[in-house]
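Peer 1: structure for the following, please:
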Amino acid sequence: MNNNTMLDNLKQTFTDLISFLKNPIDEAGPELSVAEKFKTLIYLLIIEIPIMGVLVLLISGLETLGLIDADKHKILDMIKSYPVILLLILTVIVGPLIEELIFRLYLRYKDNYALRFLISIVSLTGVQNKQKAEKFFISLWEKRYKFIFYFSAVIFGVIHISNYEFSYAILLLSPILVAPQIILGLIIGYLRVRNGFVLGLLLHSLHNAFFIGIPLFFMLSDTEKLNVETSSFAIKIEETNDIHIPSTQKNYPDSLVYKNVSLKTTLTHLLNTNEKFLNTNNTVMLDKTLHLNFKNKSKDSSKTNSIALNQLAKTYDFKIKKSIKPIEVWNLEVVNPSLLLKSKSNNNAYENSITVNPEGIIIKKSKISALVYVLIPKSNKMIVDKTGSKDNYNLTLKTKDFESVKKQLKEKYGLSLVKQKIGLEHFTVEFQKPE
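Peer 2: You can find the predicted model right below:
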């Protein structure tokens, strides 16, 4: 098959799909050979995957903005918890089969066993009543089929909102979050009606294999460095090369949840310093990218950072030395308290989050100090928090250049950066086995 023929067939499949979705009817398509059915399946995958890719990027953008927490998605929990073979069986075979039986088997009247059961019950009252019931159901089915078809896709999508941990933000964003499943339901529904239940099931299975296989591949590429649980703490450290996910840091009084964060940035937080004051004898080790999950089980939450730091030091075999050196710094001061007050967080500040991406920084329910230690590597300046504020804020900055950062801080949040020379504490991370 040449490229032109393939493109023509792809266009024809897309046209037929759109025509059907505009006006669904319970009518099988033309009889196809096995090879033709396989080609139809591949064409629909080619149509479906880019659409899903765009929607996945949109949902990833919501995560980057801190509006949703993908760490609490049930599929991600399954990827982390189940053996690979079991996960593939559940998501590629068992799950699609169950969902297709529930949501799309009945889309052909001849396979709607619920209606057939009702008719068989009516038939107990006589043949005439059975005929009336069958005529009634067929008439209702034909008149309402469009609604029935759309409803099957929508309910299939809505049920998947249970993959997310409930919150008002999830509820508000649910039309976007379940849009991939609704569109998938429409496409599979079309294939099921036109070409049979088995082909629809195969499309569902291949979809899951593709979209769960990719994150599974990246999860398997992570190297577990430490996974320890004691009576006083639990810690898991994985090294990752997955550059496709945003860097996030979530700090709780008794735990740390870091995703795709460098060892250098992690130590910066644990030492309550900034990357400009962190030196090393092994930059390769310090640039390693980690997933860190730490839980302090002791009653003293003030030990959270020190315990995590101690475990990192043992895992990567380093020691930390301190020294005082003069340096040019920028003091962050409040010049307009009323303007800063507008960004104060009124929500429960138990959970805070920091998201860093190439365009900027998003701070949620965090102290000014959180902004400072992520702003330093972005601006390549030493910044010291002189605000004295203990409150939590929601702050968003575009980090195009330092001057624009200064302007945004002053105009949006009433904060000013003032240059000064002082002696500050420096840290040197000395790896015992430098590479």
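Peer 1: where do the strands sit along the stretch 101-250 of the chain?
Peer 2: In the stretch 101-250 of the chain, the strands defined using DSSP state E, counting those that start in this stretch lie at 223-229, 233-239, 247-252.
Peer 1: just so I know, which of these lies nearest Asn293?
Peer 2: The closest of the strands of the stretch 101-250 of the chain to Asn293 is strand 233-239. By Cβ to Cβ, the value is 4.6 Å. Glycine gets a C-beta too; all of them are placed from N, C-alpha and C.
Peer 1: chain center to that closest one, what's the gap?
Peer 2: The chain centre lies 20 Å from the centre of strand 233-239; the measure is Cα atoms, centre = their mean, to the nearest Å.
Peer 1: what packs against it?
Peer 2: strand 223-229, strand 289-296, helix 304-316 (3 or more Cβ pairs under 8 Å, 6 or more residues apart in numbering; DSSP states H and E).
Peer 1: lowest-pLDDT helix or strand in this structure?
Peer 2: helix 74-81 (a mean of 70; mean pLDDT, DSSP states H and E).
Peer 1: in stretch 353-360, what counts as buried?
Peer 2: Buried residues in stretch 353-360, counted by 16 or more other Cβ atoms under 10 Å: 353-356.
Peer 1: output that stretch as PDB, restricted to C-alpha atoms.
Peer 2: What follows is stretch 353-360, C-alpha atoms only, in PDB (Å, rounded to 0.1, in the frame of the first residue of the first chain):
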ATOM      1  CA  SER A 353       4.000  23.100  47.000                       C
ATOM      2  CA  ILE A 354       6.700  24.600  44.800                       C
ATOM      3  CA  THR A 355       6.700  24.100  41.000                       C
ATOM      4  CA  VAL A 356       9.700  25.200  38.900                       C
ATOM      5  CA  ASN A 357       9.600  25.200  35.100                       C
ATOM      6  CA  PRO A 358      11.500  26.900  32.300                       C
ATOM      7  CA  GLU A 359       9.100  29.800  32.200                       C
ATOM      8  CA  GLY A 360       8.800  30.600  35.900                       C
END
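Peer 1: any idea how far it is from the chain center?
Peer 2: That offset, for stretch 353-360, works out to 15 Å (Cα atoms, centre = their mean).
Peer 1: what does stretch 250-260 give?
Peer 2: 17 Å.
Peer 1: now the end-to-end length of it.
Peer 2: 12 Å (Cα to Cα, to the nearest Å).
Peer 1: who's in contact with that stretch?
Peer 2: Stretch 250-260 has contacts (Cβ atoms under 8 Å, 6 or more residues apart in numbering) with 71, 240, 242-243, 245-249, 266, 269, 289-297, 301, 304, 308, 350-354, 366, 370.
Peer 1: most widely separated two among the buried residues of stretch 353-360?
Peer 2: Most distant of these, by Cβ to Cβ, are Ser353 and Val356, 10.7 Å apart.
Peer 1: mutual contacts of these two, please.
Peer 2: Joint contacts of Ser353 and Val356 (Cβ under 8 Å, 6+ apart) are Thr248.
Peer 1: report the angle between the helix or strand hosting Val372 and strand 247-252.
Peer 2: Taking DSSP states H and E as the definition, Val372 sits inside helix 368-379. Put simply, helix 368-379 runs at 160 degrees to strand 247-252, going by axes from the mean of the first three to the mean of the last three Cα atoms, to 10 degrees.
Peer 1: how far does helix 368-379 sit from its chain's centre?
Peer 2: Using Cα atoms, centre = their mean, the offset of helix 368-379 from its chain centre is 24 Å.
Peer 1: going on from it, what's the next piece of helix or strand?
Peer 2: strand 383-385.
Peer 1: tell me which residues in the helix or strand following that following strand are buried?
Peer 2: Using DSSP H and E, the helix or strand that follows strand 383-385 towards the C-terminus is strand 393-398. Buried residues in strand 393-398, counted by 16+ other Cβ under 10 Å: 393-397.
Peer 1: just to revisit the earlier point, of the buried residues of stretch 353-360, just say which sits nearest to Leu201.
Peer 2: Using Cβ to Cβ, the buried residues of stretch 353-360 come closest to Leu201 at Thr355, 38.6 Å.
Peer 1: who are the neighbours in contact with that closest one?
Peer 2: Counting by Cβ under 8 Å, 6+ apart, Thr355 makes contact with 64-66, 246-248, 361-362, 364.
Peer 1: pick the one among these closest to Glu430.
Peer 2: For the contacts of Thr355, the nearest to Glu430 is Ser247 (25.4 Å; Cβ to Cβ).
Peer 1: who is that closest one paired with across the strands?
Peer 2: With DSSP bridges as the criterion, Ser247 is bridged to Val356.
Peer 1: what distance do you get for it to Val356?
Peer 2: Between Ser247 and Val356 the distance is 5 Å, computed by Cβ to Cβ, to the nearest Å.
Peer 1: cool, Lys130 as well?
Peer 2: Separation of Lys130 from Val356 (Cβ to Cβ) stands at 68 Å.
Peer 1: quick one on the thing from earlier: least reliable of the helices and strands packed on strand 233-239 going by mean pLDDT?
Peer 2: Of all those, strand 223-229 carries the lowest average pLDDT, namely a mean of 86.
Peer 1: partner strands of that strand and their direction?
Peer 2: Partners of strand 223-229, by DSSP bridges, with direction: strand 233-239 (antiparallel).
Peer 1: could you list the buried residues of the partner strand?
Peer 2: Under 16+ other Cβ under 10 Å, the buried positions of strand 233-239 are 233, 235-238.
Peer 1: could these be laid out in a markdown table, adding distance to Lys314 and pLDDT?
Peer 2: Rendered in a markdown table, the data for the buried residues of strand 233-239 read as follows (distance: Cβ to Cβ, whole Å; pLDDT from 0 to 100):
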| residue | distance to Lys314 | pLDDT |
| --- | --- | --- |
| Phe233 | 12 | 93 |
| Ile235 | 10 | 94 |
| Lys236 | 14 | 92 |
| Ile237 | 11 | 92 |
| Glu238 | 16 | 87 |
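Peer 1: redo those residues as TSV? Include distance to Phe156.
Peer 2: Listed next are those as TSV, based on distance: Cβ to Cβ, whole Å:
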residue	distance to Phe156
Phe233	42
Ile235	39
Lys236	34
Ile237	38
Glu238	34
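Peer 1: ok, which pair from these is furthest apart?
Peer 2: Going by Cβ to Cβ, the pair spanning the buried residues of strand 233-239 furthest: Phe233 and Glu238, at 16.9 Å.
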